[in-house]
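Q: predicted model and sequence follow; I will ask about them next.
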Amino acid sequence: MKKVYIYKVFERFWHWTQSILIFTLALTGFEVNGAYEVLGYETAVNVHNFSAISLIILIIFAIFWHFTTGEWRQYIPTKKNMKAQIEYYITGIFRNAPHPTRKTILSKLNPLQRLTYLALKIILIPLMVITGILYMLYRYGMNGEIHSLKIGSLEPIALLHTIGAFLILAFVIAHIYLTTTGHTPTSNIKAMLTGWEELEDDDDEKKENNVNTEKNEKNENE
Amino acid sequence: MEIFESFKKTFLFIFIVIFPLTIITLGFSNFFEKEGNLGELKEKYSRKKISSVDHSKFEILQKDFKDPHEVTEACLSCHTERGKELMSTAHWNWEREEYIEGRGITYLGKKNLINNFCTGIMTNERSCNKCHAGLGWTDKSFDFNNQLNIDCLVCHDKTGTYEKATGMGGHPPVGEDAPDYKNIVANVGRPMKHNCGYCHFNGGGGNNVKHGDLETALLNCDRNVDVHMAKDGLDMNCVDCHPAENHQIKGKYYAVSSSNKNRAYCTDCHNPAPHKQQILNEHTIKVDCRTCHIPHYAKVNPTKLYWDWSTAGAIKDGEGYSVTDSLGREVYTSKKGTFIWGTNVQPEYVWFNGTADHFLITDKIETDTININTLFGSYVDPNSKIIPIKIHKGKQPYDLKYKTLLQAKLWAPEKGEGAFWMDLNWDIALKLGMEYVGLPFSGQYGFINTRAYLPVSHMVSKSEDAVSCKECHNRKNSRLKNVPGVYIPATSYNKNINMAGTALMLLSLLGVLGHAALRIRASYKKKTSI
């Protein structure tokens, strides 16, 4: 095994800030939805809106980071190993079989992760951001008066936002669980906290497409 | 070494990422708030108004007036054009020329509309028209073109002693009980609360009966009752918010009005977006100020919420009788039927765009319950807002054969003239009423459920007592639960989506727990097998 510095400072900051914000948004969001009362409606709305704006700005920073560092390539989907990865979660993991995809700095994600995160980034998050912004800004103040976008009703916006919220929650449940499927149950979380992860030291390590220990997450639908 | 390196980066982070991030976020979330114009308004309305004229110094007002028409004549001798002005107003004509969708141009008002309190003025002018701004509208023969019939004093008496007689169609008492004209004319001026309240507090036959938000308590109330009219506040007059131009007073009451013009708005004085929290300002696009700022009406004395004429006419020991409840409220009287009263009533809420229709005495009844007036409006209509209303429910006579509402003769000075309040006989009272109106009556009558939709506009509460967010935004008991067509966060939700979403979460949880269980079992097996 060899210690590798795999998650950069921004990456970790982005990940954990995002996780805190998403947790806060979920907690307050379902209160705004009326499911329960914890903070009180008014506080829930204010916290939700504040967190939402924070998250959007964080996302803008993250997009910038992804493109300037080239990290966006991590999410290019691949069919390679896809079947093996699915089989691993269904059967291999119980036999203590090795991870079919090795983790490296250049390729941190297994094929299922690539696909899931990509879907998250280009479908689910934009859905939440767009419906969220419309929800927040369909009426707005201008020159001391209140104006409104000519949307027929808030209802479809609110309902799409709710659907998105449930999907993100399902993702989070699977995501948290799958962090325990690394080299040891906590090695993935440790890596995301410190940036350092013990990856498998392999003879092929220097080669392209090298193989390593692995962390992963995936919306499992076995 | 590398760890130190990462610390250094974190430090840079605070400056490059977190700091601008926080600033931008604060900017977007309206952290920097602005002020309304409340201070300005308080200053404006706390200034004392000084009259430019002392009427006691006019020679023409020095004589001993015997008759109110003489007073009017004296007024008009200086204010020469005011008579004509007044004669074009609804206070004089008791009807307005207005356009109603589906009816065209109509001339409607107290003169000819049926309500679900005392049902209408027709044949009852001598009593009802005590509140007419004229002198002696006792029947159809009243001359609306005679300026001397105008009653200037009911609105302009500042002494609070001017009274109109009962049963004389707006004429003041004569003889010994006649008002002290000399004193009154020396003290005329801009209308005060008691002038407007003389009639508007007593609509429906008694204090606060009709409006619920207009009553004598407003003459001397604190800020808990009404922030504008409070003695411990600015003690504002009605005409401060309902100013008049050429005697046309601003403001409409949709029990009798129909069109969206000459309305009085809160925003005539207040900023349209006066809240510090922008999210509250945004509400104003669909929610009227009154909806949040009048959480309850009838805060002091009770108002009538239900009036059932069908039980009227009962006789005990050969006489009509009355029943009062433990709070001293009349809940039954043979003359009028059964009542339900309310104090501190939470309004109902509807969409309203400033236009209304009315159920006319000539309209055909086709439903079990009819709306005496209909307030138009909907979520999709950009001119509509949610407003608070009082719904006055009633049960009143209608013609079983012709399916129309009926006008009864209720008032007469004494028994034997066929008035219901004297003789307690529907057959005669309805016959005489309909004869007077000039519409057919089959002789067969029943009682139909009616509803009047009465906007609530007064008894504005202190800002800290305004309706709170969660009173509307909650799933269980939202104030707005009966407002159609609008998605209200927390109140509205889609059952199917929430159920499917919850199921998805449970399945995900079950999935990961099942997977974890299998993994634990596998590792246990492996260990034991070794």
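A: Good, I have the coordinates. Numbering: from 1, shown residues only, chains lettered A, B, ... in the order given.

Q: list the contacts of the residue in chain A that chain B sits nearest to.
A: At 3.2 Å from chain B, A:F166 is the closest residue in chain A, using C-beta to the nearest C-beta. Bear in mind the C-beta positions are built from the backbone N, C-alpha and C, glycine included. Counting by C-beta atoms under 8 Å, 6 or more residues apart in numbering or on different chains, A:F166 touches B:I497, B:A500, B:G501, B:T502, B:L504, B:M505.

Q: remind me, longest helix of the chain?
A: Since you didn't name a chain, this refers to chain A. helix A:41-69 (DSSP state H).

Q: nope, chain B
A: Using DSSP H to define each element, chain B has its longest helix at helix B:495-529.

Q: now the strands for the stretch 251-400 of chain B?
A: Applying DSSP state E, counting those that start in this stretch to the stretch 251-400 of chain B gives strands spanning B:303-308, B:322-324, B:330-333, B:337-342, B:348-352, B:356-358, B:369-371, B:373-375, B:385-399.

Q: give the pairing partners of the first one; include direction for each.
A: Put plainly, it is strand B:303-308. When pairing is defined by DSSP bridges, strand B:303-308 lines up against strand B:337-342 (antiparallel), strand B:385-399 (parallel).

Q: how about the helix or strand of chain A with the lowest mean pLDDT and chain B, any contact?
A: When each helix and strand of chain A is scored by mean pLDDT, DSSP states H and E, strand A:139-142 comes last, with a mean of 77. Yes - for strand A:139-142 and chain B, the contact criterion (C-beta under 8 Å from any C-beta of the partner chain) is met by A:R139, A:Y140, A:G141.

Q: would JSON lines of the residues you listed with neighbour count be doable?
A: Shown next, in JSON lines, are those (neighbours: other C-beta atoms under 10 Å in any protein chain shown):
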{"residue": "A:R139", "neighbour count": "18"}
{"residue": "A:Y140", "neighbour count": "15"}
{"residue": "A:G141", "neighbour count": "18"}
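
Q: redo the residues you listed as a markdown table? Include distance to A:P126.
A: Converted to a markdown table, those look like this (distance: C-beta to C-beta, whole Å):
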| residue | distance to A:P126 |
| --- | --- |
| A:R139 | 22 |
| A:Y140 | 21 |
| A:G141 | 26 |
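
Q: that older thread, pick the most buried one from the strands paired with strand B:303-308.
A: strand B:385-399 (a mean of 22; mean count of other C-beta atoms under 10 Å in any protein chain shown).

Q: pLDDT (mean, whole number) over it?
A: Averaged over strand B:385-399, pLDDT sits at 98.

Q: quick check: what element follows it along the chain?
A: helix B:420-423 (DSSP states H and E).

Q: what is that following helix packed up against?
A: Taking 3 or more C-beta pairs under 8 Å, 6 or more residues apart in numbering or on different chains; DSSP states H and E as contact, the helices and strands that helix B:420-423 lies on are helix B:426-437.

Q: outside of the helix it packs on, which residues touch it?
A: Residues contacting helix B:426-437 (C-beta under 8 Å, 6+ apart): B:122-123, B:313, B:361, B:397, B:406-410, B:418-420, B:423, B:440-441, B:443, B:445.

Q: try 7 Å this time
A: Helix B:426-437 is contacted from outside by B:122-123, B:313, B:361, B:397, B:406-410, B:418-420, B:441, B:445, using C-beta atoms under 7 Å, 6 or more residues apart in numbering or on different chains.

Q: mind jotting down where the helices sit in chain A?
A: Under DSSP H, chain A gives helices at A:9-32, A:41-69, A:82-90, A:111-119, A:125-137, A:155-178, A:187-194.

Q: how much space between A:V172 and A:L120?
A: To A:L120, A:V172 is 10 Å away according to C-beta to C-beta, to the nearest Å.

Q: my bad, A:L39
A: 27 Å.

Q: just flag the most distant two among the contacts of helix B:426-437.
A: Based on C-beta to C-beta, the longest span within those runs between B:G313 and B:I361 and measures 21.6 Å.

Q: Throw the strands of the stretch 251-400 of chain B into JSON lines and include distance to A:N188, thanks.
A: Listed next are the strands of the stretch 251-400 of chain B as JSON lines, based on distance: least, C-beta to C-beta, whole Å:
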{"stretch": "strand B:303-308", "distance to A:N188": "65"}
{"stretch": "strand B:322-324", "distance to A:N188": "77"}
{"stretch": "strand B:330-333", "distance to A:N188": "74"}
{"stretch": "strand B:337-342", "distance to A:N188": "64"}
{"stretch": "strand B:348-352", "distance to A:N188": "53"}
{"stretch": "strand B:356-358", "distance to A:N188": "66"}
{"stretch": "strand B:369-371", "distance to A:N188": "66"}
{"stretch": "strand B:373-375", "distance to A:N188": "62"}
{"stretch": "strand B:385-399", "distance to A:N188": "51"}
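
Q: quick check: which of those strands is nearest to B:M168?
A: Going by C-beta to C-beta, the one of the strands of the stretch 251-400 of chain B nearest B:M168 is strand B:330-333, 23.5 Å.

Q: packing partners for the closest one?
A: strand B:322-324, strand B:337-342 (3 or more C-beta pairs under 7 Å, 6 or more residues apart in numbering or on different chains; DSSP states H and E).

Q: quick one: contacts of the last one?
A: Contacts of strand B:337-342 with the rest of the structure, by C-beta under 7 Å, 6+ apart, involve B:298, B:302-312, B:329-332.

Q: model confidence score at A:V211, please.
A: We have a pLDDT of 38 for A:V211.

Q: now swap in B:G36 and tell me
A: B:G36 is given a pLDDT of 69.

Q: can you list the strands paired with strand B:303-308 in a markdown table and add distance to B:H228?
A: As requested, the strands paired with strand B:303-308 are exported to a markdown table (distance: least, C-beta to C-beta, whole Å):
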| stretch | distance to B:H228 |
| --- | --- |
| strand B:337-342 | 23 |
| strand B:385-399 | 16 |
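
Q: so, low pLDDT: which residues of the stretch 251-400 of chain B?
A: Scanning the stretch 251-400 of chain B for pLDDT under 70 picks out nothing.

Q: contact residues of it facing chain A?
A: By the rule C-beta under 7 Å from any C-beta of the partner chain, the part of the stretch 251-400 of chain B lying against chain A is B:N271, B:P272, B:A273, B:Q278, B:I279, B:N281, B:E282, B:T284, B:I285, B:V380.
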